[in-house]
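Enquirer: Sequence plus the predicted model coming up.
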Amino acid sequence: MKSIFFDMDGVLVDYKGGRAYANDYELKMVSGDMARIPGIFSRLDPLPGALEAVAALAEHYECHILSTAPWENSSAWTDKVNWIFKYFGADESSPFYQRINITHDKGMFVGDYLIDDRTKHGVLRFSGEWIEFGSNTFPNWESVLNYLL
């Protein structure tokens with residue numbers, strides 16, 4: 001079975017919409033860098049179509065999370081795992097059961113596809129094919145599903 005690695009922020013998670021979950025005090029304390037707010041990653045919503053797309057892809061592919069968390073926000077690591085548990089479950093029925101990878105070097109991983117919205121953190125060194133989510137070719141989940149299914 002082929003494998004797909006999913007980035008979280010901007011791919012599964014509506015990171016840009018997260019500003020609605022940050023208050024002015026929190027933003028001031030982190031000089032406007034939302035990623036440094038403790039607990040912020042557990043407050044974010046899924047992107048439209050993301051949950052349904054993962055469910056469809058999980059029927060044909062082995063699914064993995066491959067995400068980066070801010071180094072200076074240690075709660076982000078736990079928050080990201082808890083976000084996966086909230087939306088996909090924590091038991092063996094989850095498409096990501098025991099397949100959650102949080103790293104600053106995505107180029108170390110081997111797989112068939114990586115769905116990511118940016119080239120940061122070694123994306124271009126990932127061994128498989130990079131699907132650039134949000135690009136002209138793959139602007140949304142419908143286009144990704146049309147390509148992979």
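Expert: On my side now, so go ahead.
Enquirer: Which parts of the helix or strand of the chain with the lowest mean pLDDT count as buried, going by neighbours?
Expert: The helix or strand of the chain with the lowest confidence, counting by mean pLDDT, DSSP states H and E, is helix 24-29 at a mean of 88. Under the neighbour-count criterion of 16 or more other Cβ atoms under 10 Å, helix 24-29 has nothing buried. Quick note: C-beta positions are derived from backbone N, CA and C, even for glycine.
Enquirer: Mind listing residues that contact it?
Expert: Applying Cβ atoms under 8 Å, 6 or more residues apart in numbering, the contact partners of helix 24-29 are 34, 37, 40.
Enquirer: wait, which of the residues you listed is closest to Gly134?
Expert: Using Cβ to Cβ, Met34 comes nearest to Gly134 of these, at 18.3 Å.
Enquirer: Now do Tyr15, the pLDDT please.
Expert: Tyr15 carries a pLDDT score of 92 in this model.
Enquirer: which ones are touching it?
Expert: Here Tyr15 is in contact with 9, 44 (criterion: Cβ under 8 Å, 6+ apart).
Enquirer: that older thread, columns neighbour count on top of the contacts of helix 24-29, output as CSV?
Expert: CSV is the format used below for the contacts of helix 24-29 (neighbours: other Cβ atoms under 10 Å):
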residue, neighbour count
Met34, 19
Ile37, 22
Ile40, 22
